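Chemist: dropping the sequence and predicted coords here.
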Amino acid sequence: MRELIVTAFLTLDGVMQAPGAPDEDEEAGFPFGGWQASYLDDVGNRDLAAFMEQPFDLLLGRKTYDIFAGYWPDHVDGPIGRKFGEATKYVASRGAPALSWDRSVLLGKDVAQSIAELKGQDGPQLHVWGSGDLVQTLRAQDLIDRYQLWIHPVVLGSGKRLFPEGTRPGALRLVDSKVSTTGVVMGIYEPTGEVVTGTIG
């Protein structure tokens with residue numbers, strides 16, 4: 001069984017759009033591309049490097065795949081670019097795109113079934129980056145084993161969110177956390193089932 005991990009860089013209000021560069025994703029006129037850059041430090045870099053040392057394959061939605069394929073093949077000298085290049089890239093798409101990045105594989109039309117089959121195979125972990133629409137599909141089918149969420153001390157007020165309105169409810173358990181020198185809370189969460197309600201006091 002392959003573990004499926006969702007990794008996302010988030011603002012305090014849950015925005016995940018274009019953390020890396022001003023022109024990364026300007027959809028809907030998003031004006032804050034590159035919002036993560038000022039929060040990078042050695043603590044976060046070490047944590048990310050350790051996470052990426054283990055073997056993994058990528059599981060990406062079409063939009064995130066296009067962004068990654070337009071950048072990372074030209075940046076293979078660093079640890080992230082090298083590891084992304086070595087990974088098999090499984091792509092969820094409603095169309096039939098030409099996948100130009102090496103080791104790219106288009107998933108079947110029933111994306112949830114294709115991913116369930118991937119999880120049932122022997123192999124490295126499956127890492128989801130970005131890919132907000134795909135994350136909703138995975139949540140609906142209980143296919144996510146772990147979330148690695150970096151929550152940054154900034155509020156943007158607009159942009160694509162990891163958990164938008166209409167997200168399937170569910171409880172999570174914090175299993176590990178660190179805080180960077182710039183105030184980024186790096187948490188690892190595991191799903192625990194349905195939301196439990198009660199009365200306080």
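Modeler: On my side now, so go ahead.
Chemist: run through who's touching the longest helix belonging to the chain.
Modeler: Counting by DSSP state H, the longest helix found in the chain is helix 42-53. Contacts of helix 42-53 with the rest of the structure, by C-beta atoms under 8 Å, 6 or more residues apart in numbering, involve 7, 79-80, 83, 148, 150, 178-182, 184, 186. (Glycine included, C-beta is placed from N, CA and C.)
Chemist: centroid-nearest residue for the protein?
Modeler: Against the mean C-alpha coordinate of the chain, by C-alpha atoms, centre = their mean, the closest residue is Trp129 at 2.6 Å.
Chemist: bridging residues for Val179?
Modeler: For Val179, the beta-bridge assignment (DSSP bridges) gives partners Val185.
Chemist: Three-state assignment for the nearest residue to Asp122 once chain neighbours are set aside, please.
Modeler: With sequence-adjacent residues excluded and distances taken as C-beta to C-beta, 6 or more residues apart in numbering, Asp122 is closest to Arg2, at 7.6 Å. Of the three states, Arg2 takes coil according to DSSP: H, G, I helix; E, B strand; the rest coil.
Chemist: ok, Arg2 - contacts?
Modeler: Neighbour list for Arg2: Leu118, Lys119, Gly120, Gln121, Asp122, Gly123, Pro124, Gln125, Leu126 [criterion: C-beta under 8 Å, 6+ apart].
Chemist: again with Gly187
Modeler: By C-beta under 8 Å, 6+ apart, the neighbours of Gly187 are Tyr147, Gln148, Leu149, Trp150, Ile151, Leu174, Asp176, Ser177.
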